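Enquirer: sequence first, then the predicted structure, then my questions.
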Amino acid sequence: MNILVRLKYQYSGRVFILFGLLLVTGFSFWLLNNLTAPVEIAALHGRNLPDYYMEDFSTVIMDPDGLPSHHLRALYIAHYPDSDSTELTQPSLEFRQQANNPVHISADKGWVTSGNKVILLDGNVEFLEQDPAGAILLRIRTIKARILPGNGYAETDQHTEITSSRAHVTGTGMRAYLRDGRLEVLSNVRTIITKK
């Protein structure tokens, strides 16, 4: 009887050791899999990962005469090497006009295409021109816009609202020649003129 009890304890001790080894092995495989998964994902999607990013980004672009043409700011930017494009969070763009006040353009997010030729803005896009005292002279609101900063040109094919001191204009599609201070609303135009 004593031999049976001893064998029973030896057998149950081996079961506990085997069970413990299985737990450690399972945990090791789980840990190894979770540690290498981000590396494998990065290898699979490496072209979609940014190669650099910046916070509180700001740059001034000069015109051919060496004068400031436009000033681009963003809360956060990330550059993607596969498309040579840059993603912008809360971008803000300031354009200098020839004889008028600067135009400030802001949005929720945006992208700068390869070669910095086109800026695409998305979400709560607003164009704002103010006088030196801060009074609003012109406000344009839409949801998407395409800007060619080198040409001082902006356009949208979305619904647009334009408000000035004397008029409120709505329509679909707009072209803005920022350096000349000229606007075109393309279709479904409605205008309300207010008395001064």
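Expert: Perfect, I can see it now.
Enquirer: can we go C-alpha only for contacts and neighbour counts from here?
Expert: OK.
Enquirer: what is residue 169 paired to in the beta sheet?
Expert: residue 162, residue 191 (DSSP bridges).
Enquirer: need the per-residue pLDDT for it.
Expert: Residue 169 carries a pLDDT score of 93 in this model.
Enquirer: neighbours around it, how many?
Expert: By other CA atoms under 10 Å, 16 other residues sit near residue 169.
Enquirer: ok, it to residue 125 distance?
Expert: 16 Å (CA to CA, to the nearest Å).
Enquirer: now residue 118
Expert: 15 Å.
Enquirer: between the two, tell me which one has more neighbours.
Expert: Neighbour totals were compared for residue 118 and residue 125, and residue 125 leads with 22 against 19 (other CA under 10 Å).
Enquirer: where along this structure do the helices fall?
Expert: 2-44 (DSSP state H).
Enquirer: list the contacts for residue 164?
Expert: 136-139 (CA atoms under 8 Å, 6 or more residues apart in numbering).
Enquirer: between the residues you listed, which sits nearest residue 78?
Expert: residue 139 (28.9 Å; CA to CA).
Enquirer: which non-adjacent residue is nearest that closest one?
Expert: Once flanking residues are discounted, residue 139 sits nearest to residue 128: 4.7 Å by CA to CA, 6 or more residues apart in numbering.
Enquirer: close enough to count as contact, residue 178 and residue 149?
Expert: No. Using CA atoms under 8 Å, residue 178 is not in contact with residue 149; the gap is 9.3 Å.
Enquirer: any chance of the contacts of residue 164 in TSV, with neighbour count, distance to residue 84 and pLDDT too?
Expert: Shown next, in TSV, are these (neighbours: other CA atoms under 10 Å; distance: CA to CA, whole Å; pLDDT from 0 to 100):
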residue	neighbour count	distance to residue 84	pLDDT
136	14	36	87
137	14	37	89
138	18	34	91
139	19	32	95
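Enquirer: distance to residue 111 added to those residues, as JSON lines?
Expert: Below are those laid out as JSON lines (distance: CA to CA, whole Å):
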{"residue": "136", "distance to residue 111": "27"}
{"residue": "137", "distance to residue 111": "28"}
{"residue": "138", "distance to residue 111": "25"}
{"residue": "139", "distance to residue 111": "22"}
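Enquirer: which of these fall in strands?
Expert: 136-139 (DSSP state E).
Enquirer: which among those residues gets closest to residue 49?
Expert: residue 139 (36.3 Å).
Enquirer: you'd agree that closest one is up against residue 162?
Expert: Yes. Between residue 139 and residue 162 there is a contact under CA under 8 Å: 5.7 Å.
Enquirer: closest one of the ones in strands among the contacts of residue 164 to residue 92?
Expert: residue 139 (14.7 Å).
Enquirer: separation between that closest one and residue 103?
Expert: From residue 139 to residue 103 the distance is 9 Å (CA to CA).
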